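1. build the 3D model from these lines:
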Amino acid sequence: MSKKVKRMLSFLIAIVIVTTLFTACTKKEDTGTQDDAGKEKTTTGVDKEPTGLDNSKLLEISWFGFNGTEIVEGNPLQKEIEEKFNVKIKNVKADIFNSEQINLMINSGEMPDASFMYQSPIDLWEKGVTRSIPRSFIEQYSPNFKKLLDRYPIGWKLNVVPDKEDEYLAINGINLAGDGDGWVSYYRLDWLENVGIKPKGELIPIDEDGHVFFCETPFTLEEQDEIFDAFLKMNTDTKNPKYAMSGNKDTTNYSWETILNSFGVKTWMNLEEGGKYIQYYQSNKWKEALKLLNNYYKKGYIDQEWTSQDLTKHWEKLNSGMVGWWPNFISYVNPSYQDRPPFGILAKVPNAKMLITPPEIGPNGKQYFCPGNSSPHNYNYPSFIGHGVDDEKLARILQIFDYLCFDKEAQVKYHFGFEGQHFTWQGEPYNSGISAKEDVTPKVQGEYGLRFYKFVMYDENMAIYLSQKEQIPMTNWVKVGNYESIDNWRHDIFGELQEEYDKLGKQIGSDVSMIWQEFYMKAITGEIDIDSEWDNYLKRIEEAGIGKQNEIGNKAPLFAPLLKGDVKY
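-> This next block holds a predicted model:
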């Protein structure tokens, strides 16, 4: 039997050279856990069946999720979980977007019992920090999750434990709230007004206070260059610097995704070029995008600290009103997201104005658009169970998970808070979108426990609650479809090729990552000449084994036809 483990590429926000530290874990004698060296991984025996729902024993559960830096011990939602399920919750404080903190947590053997984080299930499994989740336990203790997986059955085939059929490396997240989402460009409209540059079409108001607007007509890259030059000339106060654009060392998409899109390429895609199957960072489209970014860097448009700062620091600069342009998802046009732009900016710069446009028109004159969620399983959003969790604790965690993610009232309370205090309904309760109040900052969320305990699991109800009237102009533009979609690539969604990848060894992938990321940063900052070094760069990643990886990847189906049922795997 082939290994059915999904080969997970990094998520939309994570381009990290993963550390390879390997730490010994405390031995836990129980089914589904791993030994102290993490080398021999054991899973639930075939004769092991879940017992009844006996919650009489008090259990301590360590938990980690969103807003971990602000979470307050003893918050109201924590107390409710503890009383309802007879548990003591230990909140793990860390920044989910800080790769160094997360890697330290993982490699030091401090993996929480229950967590959501942007990590690869197979990598965590092979490090020995997670345990398996039997299908029988999901069916017994998370019946509502089981029903959702039955409606979207690809989820039953993802992240399966190697050489097992009914055990999973993670709780496979499903997102039904992604239709109409995707990457768009954000500009500081008040900066544009200050330099006398007008949008190219009608301004459609997004919020009631007149701070955020959408224009269906994008700028071209040539016009963007003129805008950035004008923004640069605004930067006259050295004590309060302004940047046309910033970025971060960990993610290309949150740094300049729509610029990449304007060349017809997206982060983490593969494509066919010159009759060969290659990765995006081997393509001429990527090369041309790097040359444009290098030009922007030489002109002083790009914040020079981008090579050392993480996404959190990047967003801090955006929210502080220091940056004039950035790419982001349509779904972030949501007042409940006070930790990120655009509404994170208004929390700190109340008079700011912002313009949202489709991705810039590229050098070939085409309008490209990159859908953010082409499948409910596109990003998988895995949640993990720590290696030290025994079956009794696993059962309790799955009960809590099922309640938080599928109970109608709990879904709202644990994500949005309390009606009137933290949010209002946009229409009929439980049948309309939810509008978060502007004063519900990350600090307030931490004080109440909002979003920390609830894993990423967006069913049909959550899709309704997360729909925002502010996003309608953008999603309507997406539905019209006057663009060329960047949504088709080869994807080994079921991990059927994992065995072949494993034979190559992980060192190949690590070496390739080091080479392309080094070239990427040096190309933008001008430490190398892109044209003169390009052939040598391609030779180096070929010698590192990328060609062998691509030969395997070329066997995977095209993702878009697969989802439509036109391609059988």
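2. surely Gly372 and Pro327 touch.
-> No. If you go by C-beta atoms under 8 Å, Gly372 and Pro327 don't touch, sitting 11.2 Å apart. Glycine gets a C-beta too; all of them are placed from N, C-alpha and C.
3. mutual contacts of those two, please.
-> Common contacts of Gly372 and Pro327 (C-beta atoms under 8 Å, 6 or more residues apart in numbering): Trp183.
4. and stretch 227-243, how far out from the chain middle?
-> Computed by C-alpha atoms, centre = their mean, to the nearest Å, the chain-centroid distance of stretch 227-243 equals 30 Å.
5. actually stretch 343-351, sorry about that
-> What separates the centre of stretch 343-351 from the centre of its chain is 23 Å, taken as C-alpha atoms, centre = their mean.
6. what's the answer for stretch 202-209, then?
-> For stretch 202-209 - counting by C-alpha atoms, centre = their mean - the centre lies 27 Å from the chain centre.
7. again with stretch 390-410
-> Centroid separation between stretch 390-410 and its chain, computed with C-alpha atoms, centre = their mean, is 23 Å.
8. same check, this time on stretch 507-523
-> The mean C-alpha position of stretch 507-523 is separated from the chain mean by 21 Å, C-alpha atoms, centre = their mean.
9. Met462 sits in which helix or strand?
-> Here Met462 sits within helix 460-466, counting by DSSP states H and E.
10. which parts of the helix or strand following that helix are buried?
-> Sequence order places helix 472-480 as the next helix or strand after helix 460-466, per DSSP H and E. Residues of helix 472-480 classed as buried by neighbour count (16 or more other C-beta atoms under 10 Å): 472-475, 477-478.
11. what's next to the helix holding Met462, contact-wise?
-> Residues outside helix 460-466 that contact it (C-beta under 8 Å, 6+ apart): 176-177, 179, 331, 334, 408, 411-412, 415-416, 430-434, 458.
12. out of the residues you listed, which are inside helices?
-> Within the contacts of helix 460-466, residues falling in helices by DSSP state H are 408, 411-412, 415-416.
13. between those, which sits nearest Lys93?
-> Lys93 lies nearest to His415 out of those, by C-beta to C-beta, at 20.0 Å.
14. residue contacts, that closest one?
-> Counting by C-beta under 8 Å, 6+ apart, His415 touches 450-451, 454, 462, 465.
15. so what does the lengthiest helix in the chain touch, helix or strand wise?
-> Longest helix in the chain by number of residues (criterion: DSSP H): helix 506-525. The helices and strands touching helix 506-525, judged by 3 or more C-beta pairs under 8 Å, 6 or more residues apart in numbering; DSSP states H and E, are helix 284-298, helix 530-543, helix 546-553.
16. can you list those in TSV and add mean pLDDT, mean neighbour count and distance to Glu316?
-> Listed next are the helices and strands packed on helix 506-525 as TSV, based on pLDDT from 0 to 100; neighbours: other C-beta atoms under 10 Å; distance: least, C-beta to C-beta, whole Å:
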stretch	mean pLDDT	mean neighbour count	distance to Glu316
helix 284-298	98	19	21
helix 530-543	97	14	30
helix 546-553	92	18	35
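17. and those: which comes nearest Ile486?
-> Nearest to Ile486, of all the helices and strands packed on helix 506-525, is helix 284-298, at 10.2 Å by C-beta to C-beta.
18. contact partners of the next helix or strand after the closest one?
-> Following helix 284-298 in sequence order, the next helix or strand is helix 311-319 (DSSP H and E). Under the contact criterion C-beta under 8 Å, 6+ apart, helix 311-319 has outside partners 13, 95, 97-98, 243, 246-248, 250-251, 254-255, 303, 305-306, 309, 323, 326, 339-341, 344-345, 347-348.
19. ok, of the residues you listed, which come out buried?
-> Using 16+ other C-beta under 10 Å as the burial test, the contacts of helix 311-319 include 13, 95, 97-98, 243, 246-248, 250-251, 254-255, 303, 306, 309, 323, 326, 339-341, 344-345, 347 as buried.
20. pull out the buried positions in the helix holding Met462.
-> 461-466.
21. what is the nearest of these to Leu558?
-> Comparing the buried residues of helix 460-466 against Leu558 with C-beta to C-beta places Ala463 closest, at 26.2 Å.
22. so which of the contacts of His415 is the closest to Lys200?
-> Distance to Lys200 across these (C-beta to C-beta) is lowest for Tyr465, with 34.0 Å.
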